[in-house]
Each structure stands twice: as structure tokens, then as C-alpha cells.
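J.: Take a look and give me a structure for this.
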Amino acid sequence: MSKNSTFCTGNDMFRSSYSSDQGYPKYEYGNRQARYYNNHDASGLCNMAFTSGKWYWEYIVKAGGNSNGMIISMGIADGNIYVKNNTGGGDGTLTGEIGLDSRDGEVRKDNSVTKTYSELSGKIQNGNIVGVAVDADNGAIYYSLNGTFMGSGDPTSGASKTNAGATWTPSGQTWYPTVSVLGGTQPILIMNFGQDSTFMGETTAGSSDDGTFGSFKYSVPAEYKAVCTGNMPTSTDIDPAATDDDIPGKQLTCFAYIGNGGSQSITGFNFKPDFLFFKSFDQVHDWNVFDSTRGVQKYLVPNDTDNETTDSNSVTSFDTDGFTTGSSSRINTNSALYQVFACKANGGTTSSNGTGDITSTVQANTKAGFSIVKWTSNNSSNQTIGHGLTKAPKLIISKPYTTGNWSWHVFIHYLGSVGNWTLNESSGGFTSSTNTYGAMPTSDVFTVGAPGNLMPNNSTTDVVSYCWHDVDGLQKFSTYTGTGQSIDGPYVHTGFLPRVLIYKRPGSGSWVYIAWQDGTISNTSYQNGRYNPIFQQLKIDSNGSRVQNQDVVFMANGFKIINNDSDSNLAGVTYPYLCWGNTAPFKLNNPM
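T.: Modelled structure (predicted):
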């Protein structure tokens with residue numbers, strides 16, 4: 001039997017641009033068995049994903065074998081580009097997916113045949129067990145039939161990809177296992193991602209395992225693992241199994257509190273914050289940003305172009321378990337409801353960084369992939385600036401703050417293009433240009449472009465840049481594609497339970513901010529008895545109070561869009577998202 005972990009299954013919450021439930025499998029028995037939905041062809045994605053590593057699973061044909069026109073298959077799909085727009089799919093006929101046509105043994109990638117297995121030249125039979133081995137590190141997929149890899153495929157061949165069913169160049173794909181039950185006579189498959197090698201009693205137990213958690217009927221190729229929470233990647237820097245001091249709950253938080261109009265200490269963070277991002281829920285108040293590099297009592301306004309302002313009654317100290325505020329109405333109006341997103345950098349201790357053309361002042365938390373970078377304009381083009389992290393940032397938010405009333409400039413690793421967004425404007429769409437951020441960031445520096453954009457056209461303005469990169473189990477900055485469907489919109493895999501989510505329509509649309517807070521505010525409501533959406537939404541480009549839209553559900557390993565408004569889910573639109581979590585990483589969400 002399998003060891004203690006939570007294994008991948010079918011995902012009955014997944015929906016794409018095809019709206020009818022009848023185009024998706026009907027899952028049974030803990031979502032491990034998939035069949036037709038009301039006699040319609042069906043396919044969909046499973047509930048876990050991976051971007052790297054080597055993975056193995058099996059499925060058995062329970063019913064529908066040896067029937068004309070039947071496809072019963074599992075494969076993979078890249079969640080970054082996959083769009084299901086018809087009842088078919090899962091067999092490699094849709095863009096972004098790789099699958100096996102069990103009628104004739106053809107493997108397809110993006111609807112092109114990449115391999116034909118003679119072992120499946122006839123109809124697949126009931127009781128046949130197909131193994132799927134995915135080498136995401138080298139870019140290859142292999143299929144076995146009843147324990148023997150077809151076409152002399154060798155999953156252990158690494159970069160040579162010997163006789164693989166299909167190959168690709170790894171470039172950040174997010175691979176989901178797929179399920180396909182098409183045509184024929186009531187096809188049914190049972191999947192085993194390592195939880196039960198008997199396939200719920202359909203065959204005798206196997207004796208093979210993956211060396212970690214999974215139990216399989218047939219031998220698992222060397223270095224391949226079961227798709228389960230225990231094998232999901234988590235940075236060792238923040239893994240509770242490897243550290244007590246740097247766990248996600250000691251790196252960032254989102255906290256709610258009630259103002260008292262005087263002085264008060266907000267506690268319960270479990271760490272000393274260096275970055276504080278404030279907004280009142282129920283008041284028409286500006287957003288406010290404080291950081292320990294610029295110092296206490298000094299704030300910036302993300303929804304405006306204002307320069308740095310000093311308020312002696314605002315944040316008066318960054319404390320070991322939170323912060324202390326004075327009576328400022330910006331963050332402590334009596335009886336007002338507030339939220340604050342807080343991150344730890346380096347406890348306020350900075351260092352000089354001379355890696356780039358401009359010497360910067362940096363405090364970095366390399367384990368959590370976050371740094372605060374202060375630098376001064378030199379009125380020159382294409383200047384590099386050291387950021388203090390060990391990987392290239394995927395998110396940079398910058399503000400020139402001492403003269404000139406400049407906008408906030410945002411870099412997101414978006415569609416592989418250099419460009420920027422404006423944080424303080426809802427009308428500011430993505431601008432693909434090197435004028436602001438001059439080049440893709442590296443593991444050492446980021447680049448600013450022409451004077452008059454992020455580089456102020458003088459030699460005196462100070463700039464602060466907040467930098468983040470992905471950290472498995474803690475934070476992710478990527479994109480999702482809208483489906484246009486209400487209720488059942490796209491599911492987005494992050495690998496952790498979100499705490500803070502920000503997304504934006506790439507054209508004219510607000511920066512939507514959604515968070516799950518510790519503290520005093522109720523977060524949830526129910527819609528159609530089906531979901532548990534986070535309904536307290538704020539717009540970063542606005543000083544307005546909360547909007548109670550039911551758009552998003554936070555889940556153990558990602559989030560799901562459940563509305564089709566233009567800010568979150570227009571069909572075919574690619575939305576950038578910024579997501580942070582601070583609970584136990586998904587790999588530790590195991591049953592007890």
C-alpha cells in the first residue's frame with residue numbers, strides 16, 4: 001500500500017472555455033475513476049501539476065475496451081497555454097497537450113503525430129494497464145503497456161530521450177496529467193498515481209514503489225516519483241522539514257486589525273516585518289507602503305504618484321512580532337478596518353551592493369526571494385542595479401520618491417517580453433518596451449532603460465525597488481488564461497494555499513487585490529453551496545473601500561476563478577498574477 005501522502009486525482013473543479021459539464025469526465029470513488037458524462041466525450045485536467053522532475057503513474061481500462069472509436073487515455077497538458085474548447089481533447093489534439101490515441105497507438109502533441117506504437121495497433125482491451133512516465137527535466141514522455149515500455153522507449157535515458165513518445169524543450173511549462181474518455185461504449189478508466197496498485201480491486205496488488213510514497217502495479221523507472229503532495233517541490237530554504245526559523249509563516253503574512261485612533265501595537269506576525277502594505281477596507285483612504293530601509297514614519301502611496309511623505313503619527317517602529325502605529329488616520333482611524341500585507345527582508349540591516357552600474361543599498365531575504373533595493377538616478381540609459389537575490393526577480397515594483405512625482409513602475413515576467421505596467425493606474429496596460437526596464441533581470445542585476453521613465457531625468461532622485469522571485473511553496477508570479485465562463489472559470493496551480501493574490505487585466509483594468517487575513521474580519525461567503533470564495537476585494541490603483549465580488553476561491557494548491565467579469569476572466573485573455581502563501585507548503589498537506 002502507499003505511504004502517508006495525498007495523491008493526485010481527477011479534478012472536477014477544472015473548467016476551460018468549453019462550458020458544458022458534459023465535456024468533462026464524471027469522476028467517482030474519490031475522483032480516481034473517470035467515465036463519460038451523460039454519454040458525451042469527456043476530457044480534463046487532474047488536480048496536481050509539476051514544472052520539473054520525473055513522474056510516473058498508471059491507469060487501467062475498466063470498461064469500453066475493444067470497442068470501435070474508443071479513446072481511453074491519460075497524458076499531460078501545459079496549463080499555461082492549454083484551452084479546452086470542445087468535448088474532445090486529452091488525446092493530444094488540443095494545443096498544449098500530449099496524449100495517446102488508444103485506437104491506433106498514435107501519440108500526438110499539439111495535434112501532430114509524434115510516435116506510433118505497434119503494440120496498440122488493435123483496440124485496447126479491458127484490464128490493460130498503461131503506464132505514463134514524464135521526464136519534465138529533459139522534456140519527454142513515455143508509455144508502457146502492462147509493464148513494458150512501448151516502442152523500446154527508455155525513460156531513464158535522460159537528455160537522449162531514447163524512443164520517447166513525444167519530446168519538447170523545457171521552458172517553464174506547468175504540466176497537468178490529463179484524463180480522456182472518448183467514443184466507444186461507455187469507457188471507464190481508473191487512475192493510480194501511487195495510492196493503490198490494485199486499482200480499487202480490479203487487479204492483484206503490485207510490489208513496486210517509487211522509493212518515496214507510491215505503490216504501483218509495475219516497476220517504476222529509476223528516479224521517477226509518484227505525483228503526490230509528499231513529492232511536490234518545496235524550497236529547502238523555507239521547508240518546515242529543514243528549518244524552524246525560515247518557514248513560510250515567518251516570512252510573510254496578511255493581517256487585519258481595527259484602528260483605535262491613538263497608539264497601538266499590532267502583533268501576531270511571528271517575525272519582524274520590513275515591508276508593510278496597508279489599506280483600509282471600509283474607508284476611502286489611500287494605500288500606504290512603509291519599509292525599514294527608508295525608515296519609520298515615511299510612507300509612499302501606491303495608488304498615486306506622490307513623493308515620500310513623513311508622518312510622525314504613522315508607523316513608529318518595526319517590532320519583533322509586528323509594528324507600532326501612532327494616531328495617523330492613514331492607518332489607524334478609530335473603528336476603521338485595516339489590512340496589512342507584511343514581508344520580512346533582513347531586519348532593517350542594509351548593505352552596499354556594487355554589482356551594477358549604480359551602487360545600490362540592499363536588504364535581502366535570499367531564502368524568501370525578497371529584497372528592498374534603494375538607488376539614485378544618474379540620468380543615464382540602460383543602467384544595471386544589483387538586487388541582492390540569488391535568482392532573477394520575476395516581479396519588481398519601483399517608485400522614484402524624492403522629487404518629480406513619478407509613477408510606480410512594475411516589471412512582471414510576462415509572456416517572455418521586456419516591458420512594464422503602471423501600478424497607480426487602472427488604464428495602464430502592458431507596454432512591451434525597453435524604455436523602463438531595459439532588459440530581463442539576471443540573478444545579479446536588473447536594468448533600467450531610458451531617462452524619463454523609471455530612470456528619472458535628473459541625477460538626484462532616490463528610487464526604491466521591491467524585488468521578488470518564485471520560491472516553491474511560498475510565492476509564484478505567472479499568468480493564467482481566462483475562459484469567459486462564470487462559476488467554473490480557470491483553476492490555477494500555485495503549489496501552496498494562497499494568502500495574498502493580485503491580478504490585472506493586461507489592457508485597461510484595475511489591479512485586483514484579494515487576501516486571506518488573520519485577525520478580525522470575516523473573509524468568506526458561499527455561492528451556490530459549492531465554493532468558499534474570498535469576497536473582500538480592493539483595487540490597488542484606487543483609494544476606494546472594499547468591493548464584495550465573488551470572483552476567486554483559494555484552494556490548498558492554488559486558486560480558482562468563479563466569475564467572468566472583465567477584470568478576472570475574459571475568454572482568451574492572459575492575466576498576470578502575483579501570489580504569496582504562508583501556510584505549510586502543499587507537500588505537507590498530508591492526511592494524518
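J.: And the strands in the stretch 401-550 of the chain?
T.: 409-412, 419-422, 431-432, 437-439, 445-448, 462-468, 475-481, 491-493, 500-504, 511-515, 533-534, 537-539 (DSSP state E, counting those that start in this stretch).
J.: Gly268 is nearest to which of those strands?
T.: Proximity to Gly268 (C-beta to C-beta) singles out strand 511-515 among those, at 15.3 Å. In this view, the C-beta of every residue, glycine as well, is placed from N, C-alpha and C.
J.: burial of Gly354, as a residue count?
T.: Neighbours of Gly354 under the rule other C-beta atoms under 10 Å: 9.
J.: Run through the bridge partners of the closest residue in space to it that isn't next to it in sequence.
T.: Counting by C-beta to C-beta, 6 or more residues apart in numbering, Gly354 lies nearest to Gly386, which is 6.9 Å off, once chain neighbours are set aside. In this entry, Gly386 is beta-bridged to Val445, by DSSP bridges.
J.: thought Gly386 was touching Pro441?
T.: No - if you go by C-beta atoms under 8 Å, Gly386 and Pro441 don't touch, sitting 10.8 Å apart.
J.: and Gly99, bridged to which residues?
T.: With DSSP bridges as the rule, Gly99 is bridged to Arg108.
J.: Surely it touches Val181?
T.: No - contact criterion C-beta under 8 Å: Gly99 and Val181 do not qualify, at 11.9 Å.
J.: Comparing these two, which shows the higher neighbour count?
T.: Each of Gly99 and Val181 has its neighbours counted (other C-beta under 10 Å); Gly99 has more, 31 against 27.
J.: any idea which residue sits dead centre in the protein?
T.: Thr494 (3.0 Å; C-alpha atoms, centre = their mean).
J.: Please report phi then psi for that one.
T.: phi -110, psi -20 (degrees, to the nearest 10).
J.: ok, now the one 5 residues further on?
T.: Note on Arg499: backbone dihedrals following degrees, to the nearest 10 are phi -110, psi -40.
J.: separation between it and Asn260?
T.: To Asn260, Arg499 is 25 Å away according to C-beta to C-beta, to the nearest Å.
J.: for Pro302, same thing?
T.: Pro302 is 24 Å from Asn260, by C-beta to C-beta.
J.: ok, those two, which is more surrounded?
T.: Set Pro302 next to Asn260 and count neighbours by other C-beta under 10 Å: Pro302 wins out with 21 against 14.
J.: if I read this right, that one contacts Phe278, doesn't it?
T.: No - counting by C-beta under 8 Å, Phe278 is not a contact partner of Pro302; they are 9.7 Å apart.
J.: Please enumerate the shared neighbours of these two.
T.: Trp287, Asn288, Val289 (C-beta atoms under 8 Å, 6 or more residues apart in numbering).
J.: buried ones in stretch 132-139?
T.: For stretch 132-139, the neighbour count (16 or more other C-beta atoms under 10 Å) marks Val132, Ala133, Val134, Asp135, Ala136, Asn138, Gly139 as buried.
J.: So which of those are in helices?
T.: If you go by DSSP state H, the buried residues of stretch 132-139 have nothing in helices.
J.: Which of these sits closest to Lys54?
T.: For these, the nearest to Lys54 is Asp135 (5.1 Å; C-beta to C-beta).
J.: Tell me how far Gly404 lies from Asp306.
T.: Gly404 is 11 Å from Asp306, by C-beta to C-beta.
J.: do the same with Phe50
T.: From Phe50 over to Asp306 (counting by C-beta to C-beta), the distance is 44 Å.
J.: Settle it for me: which of the two has more neighbours?
T.: Taking other C-beta under 10 Å, Phe50 and Asp306 do not tie; Phe50 has more neighbours (23 against 16).
J.: pLDDT at the more buried one, what is it?
T.: pLDDT, Phe50: 90.
J.: my guess is it contacts Val227, does it?
T.: Yes - using C-beta under 8 Å, Phe50 is in contact with Val227, at 7.0 Å.
J.: in the stretch 451-592 of the chain, which segments are predicted with low confidence?
T.: 487-488, 518-535, 584-592 (pLDDT under 70).
J.: One more pass at 80, please.
T.: 485-489, 517-536, 548-550, 556, 583-592 (pLDDT under 80).
J.: can you dump the C-alpha coordinates of the longest strand belonging to the chain into CSV?
T.: The longest strand of the chain (DSSP state E) is strand 54-63. C-alpha atoms of strand 54-63 as CSV (Å, rounded to 0.1, in the frame of the first residue of the first chain):
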residue,chain,number,x,y,z
LYS,A,54,10.4,12.8,-13.3
TRP,A,55,6.9,11.4,-12.7
TYR,A,56,5.2,8.1,-13.1
TRP,A,57,1.5,6.9,-12.9
GLU,A,58,-0.7,4.2,-14.3
TYR,A,59,-4.2,3.7,-15.4
ILE,A,60,-6.4,0.6,-16.1
VAL,A,61,-9.1,0.2,-18.7
LYS,A,62,-12.1,-0.9,-16.6
ALA,A,63,-14.8,-0.7,-19.4
